[in-house]
Structure formats: C-alpha cells, structure tokens
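>>> Give me a 3D structure for the following:
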Amino acid sequence: MAGQWVPRDHDELTAGWRLWLELGSSAWPRPGWDGTPAEAVRGLRELMGACDEILAGYLAAGGSQGAEVAALLRSMYLAASWTWKLWQGDFLPLDDERAEMLHRDLAGFADHAQGVRTLLAEGGGWASLAL
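I've put the predicted structure just below:
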C-alpha cells in the first residue's frame, strides 16, 4: 500500500492508534481453531465491529467522514467483509483445495492489513514498534 498518512489532530491520531492495535491482534484464527473456515474468519467479523466502533468514536469526537483515517477504517471493512461473507457459514472440515482458497483469501486480507498498519505506524510516529 503506497501513500502517506499524517494525523491532523489528536482524535485522528487516537483512531489510527486504535486501528493499528486491532490489526495486530484480531484477524487470525485463534489457538483453539476447530479447523473450519467459519471459525477461521470469525476474527474478521470482530475486526469489522471494532472498525465501526473506532469510526463512530472518531466521528462523535468531531472527526470528518473525509479524513484519511476514516477512509482507512472503511478500507478495512471492505477488505475483511468479502472474505468473511464468503466463508462465515462454512462449517465443513477443510480439504486441500478449500484450504488453499481460504489461505489465499486470508493472505489477500493480510497484505492489505499490513499495508494499513505500516502506513499508520509511519504517519503516527510509532514505526519503531514491532510490526
């Protein structure tokens, strides 16, 4: 993900920081994963909820819908939602072909998430923290 993000104020910095933290912890299958696609993508739904909450808090504090951090939050929803919608109801054990497809879908999301995390870290001034 190319670009640069520089927070305009404390509220935008806070929203960016919260998103950065969420992206570091919520999107991947848990240690107790049962091997189904539905469980593998459960964290994506939780991430979409967190993005909604962060955006609502940012806007309630007077933030702008047109701010870059709002666009980054919406991009995470878009990146996560199609994978989640595709796999959310699939409770069958994975065979090799479906495992490869799920992995590819999650890897596409992970690439986007890593790009957003890098952008936030560089613009927010916390790039020295482990990504």
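
>>> only C-alpha atoms for contact and neighbour calcs from this point on.
OK.

>>> Pull the contacting residues for residue 39.
29, 33, 88, 91 (Cα atoms under 8 Å, 6 or more residues apart in numbering).

>>> let's see 10 Å
By Cα atoms under 10 Å, 6 or more residues apart in numbering, the contact set of residue 39 is 28-30, 32-33, 87-91.

>>> which SS class is it?
helix (DSSP: H, G, I helix; E, B strand; the rest coil).

>>> Need the pLDDT of it.
Looking at residue 39, its pLDDT is 91.

>>> wait, residue 71 sits on residue 55?
Yes: Residue 71 lies in contact with residue 55 (Cα atoms under 10 Å); the separation is 9.5 Å.

>>> So the two - more neighbours on which side?
Between residue 71 and residue 55, residue 55 has the larger neighbour count (other Cα atoms under 10 Å), namely 25 against 13.

>>> show me the contacts for the more buried one.
Counted by Cα under 10 Å, 6+ apart, residue 55 has contacts 12, 15-16, 19, 49, 61, 63-65, 69-74.

>>> and of these, the nearest to residue 111?
residue 72 (14.0 Å; Cα to Cα).

>>> Which is the succeeding secondary structure element to the helix or strand containing the closest one?
Using DSSP states H and E, residue 72 falls within helix 68-87. Next in sequence after helix 68-87, counting helices and strands by DSSP H and E, comes helix 96-124.

>>> Would you mind listing the buried residues in that next one?
The neighbour-count check on helix 96-124 (16 or more other Cα atoms under 10 Å) flags 102, 105-106, 109-110, 112-114, 116-121, 123-124 as buried.

>>> what is the mean pLDDT for stretch 10-29?
So the average pLDDT for stretch 10-29 ends up being 87.

>>> Please read the previous query as pertaining to stretch 58-71.
96.

>>> any chance of the contacts of residue 39 in CSV, with distance to residue 6 and neighbour count too?
Converted to CSV, those look like this (distance: Cα to Cα, whole Å; neighbours: other Cα atoms under 10 Å):
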residue, distance to residue 6, neighbour count
28, 28, 17
29, 31, 18
30, 33, 13
32, 38, 7
33, 37, 13
87, 35, 18
88, 35, 19
89, 39, 13
90, 40, 15
91, 42, 14
